[in-house]
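Trainee: Fold the stuff below for me.
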Amino acid sequence: MNFFKALFGGKEEKPEDRKRAEEERDFDVLKYDGVRALRSGQHDYAIQCFTHALGMKEDLEIRDYMSQALIRADRLPEAYEQLMKIAEAQPDNLQVLIRMANVAYMMEDYTAVADASEKALMIDDKCVEALFFYAKACIGHGDTTNAVAMLTKAIGLKPDYTEAYLLRGETLLSAGETAEADEDACHLVKEYPENEDILMLKARIERAKGNPSEAISYYGKAIDTNPFNANAYRERGKLRIDNGDESGGQADYRQAKELEEQQNAGNEKQDIENEIKDKYKSIDPYGVFS
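Mentor: Modelled structure (predicted):
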């Protein structure tokens with residue numbers, strides 16, 4: 001046997017080579033199973049797979065997948081940590097910094113949002129997403145002046161940036177700048193006449209301007225767009241009562257209450273379903289960790 005291996009140039013596989021090959025195969029299986037679990041909504045199992053894979057060797061792609069799984073599992077601080085490790089290895093990765101800003105915003109950590117946005121702007125000072133998140137950080141800290149400035153710059157760079165227009169309009173309204181807010185709202189209503197959020201902004205601006213009939217009309221349009229908008233019913237109901245339409249206002253209040261009760265019941269049902277799903281997931285369907 002050894003004679004033929006020597007004759008034809010064959011080499012006997014060393015134990016360490018065989019072990020390394022097995023580890024690579026196990027790593028690939030964990031990665032594949034983790035991605036498959038992530039795509040099928042089995043977030044906890046995906047996290048298990050990725051954790052085991054990262055215990056075998058460092059891999060930034062798996063950290064990226066891990067962050068996605070953690071976000072979907074509502075484990076935001078851990079997702080942020082994974083993104084931080086990617087950013088440390090790739091400090092010029094703009095999209096990772098934007099994702100960090102997004103996750104930090106979901107955690108309501110506005111200092112972290114600002115930090116990630118600043119780093120992104122140092123890489124690209126024309127990055128409209130970074131300007132948008134920086135504005136959100138400013139709003140979180142109560143700095144509406146700089147928030148409006150950031151959003152204005154973003155809109156200047158991207159004139160069709162609908163989200164920036166909407167946020168600027170909402171920010172101006174909250175600051176009492178109704179005329180300026182109305183300019184953004186009118187622009188948006190013209191472009192997107194059936195957008196629920198835009199119609200709600202316009203209704204609130206008309207309410208703030210002291211135009212109840214106009215506000216009621218826009219609340220009605222928002223409800224036509226989304227009949228399950230409890231806030232629209234509640235806010236319209238108050239306006240109706242304040243302006244002498246007691247029966248119409250009370251009807252809106254009843255509808256708002258009914259919708260809120262349905263939504264709360266739906267959330268409780270979803271929580272129970274998620275709890276049951278989590279128990280099934282913990283069984284480890286692929287048997288990797290048994």
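
Trainee: CA only for contacts and neighbour counts going forward, please
Mentor: Noted.

Trainee: so where do the helices sit in the stretch 151-290 of the chain?
Mentor: Applying DSSP state H, counting those that start in this stretch to the stretch 151-290 of the chain gives helices spanning 162-174, 178-191, 196-208, 212-225, 230-242, 246-281.

Trainee: Redo these as CSV? Include mean neighbour count.
Mentor: What follows is these, written out as CSV (neighbours: other Cα atoms under 10 Å):
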stretch, mean neighbour count
helix 162-174, 22
helix 178-191, 17
helix 196-208, 23
helix 212-225, 20
helix 230-242, 21
helix 246-281, 14
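
Trainee: Between these, which one is closest to residue 78.
Mentor: With Cα to Cα as the criterion, residue 78 lies closest to helix 246-281 of those, at 18.6 Å.

Trainee: how about TSV for the helices of the stretch 151-290 of the chain, with mean pLDDT and distance to residue 67 added?
Mentor: TSV is the format used below for these (pLDDT from 0 to 100; distance: least, Cα to Cα, whole Å):
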stretch	mean pLDDT	distance to residue 67
helix 162-174	98	25
helix 178-191	98	34
helix 196-208	98	29
helix 212-225	97	35
helix 230-242	97	33
helix 246-281	74	19
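
Trainee: Any idea which of these gets closest to residue 129?
Mentor: Ranking those by proximity to residue 129 (Cα to Cα) places helix 162-174 first, at 9.4 Å.

Trainee: Not counting the closest one itself, show me its contacts.
Mentor: Residues from elsewhere that reach helix 162-174 (Cα atoms under 8 Å, 6 or more residues apart in numbering): 132, 139, 144, 147-148, 151-152, 154-155, 178, 180-185, 188, 198, 201, 205.

Trainee: ok, back up a step: switch the helices of the stretch 151-290 of the chain over to JSON lines; also include distance to residue 126.
Mentor: JSON lines is the format used below for the helices of the stretch 151-290 of the chain (distance: least, Cα to Cα, whole Å):
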{"stretch": "helix 162-174", "distance to residue 126": "14"}
{"stretch": "helix 178-191", "distance to residue 126": "22"}
{"stretch": "helix 196-208", "distance to residue 126": "26"}
{"stretch": "helix 212-225", "distance to residue 126": "34"}
{"stretch": "helix 230-242", "distance to residue 126": "36"}
{"stretch": "helix 246-281", "distance to residue 126": "40"}
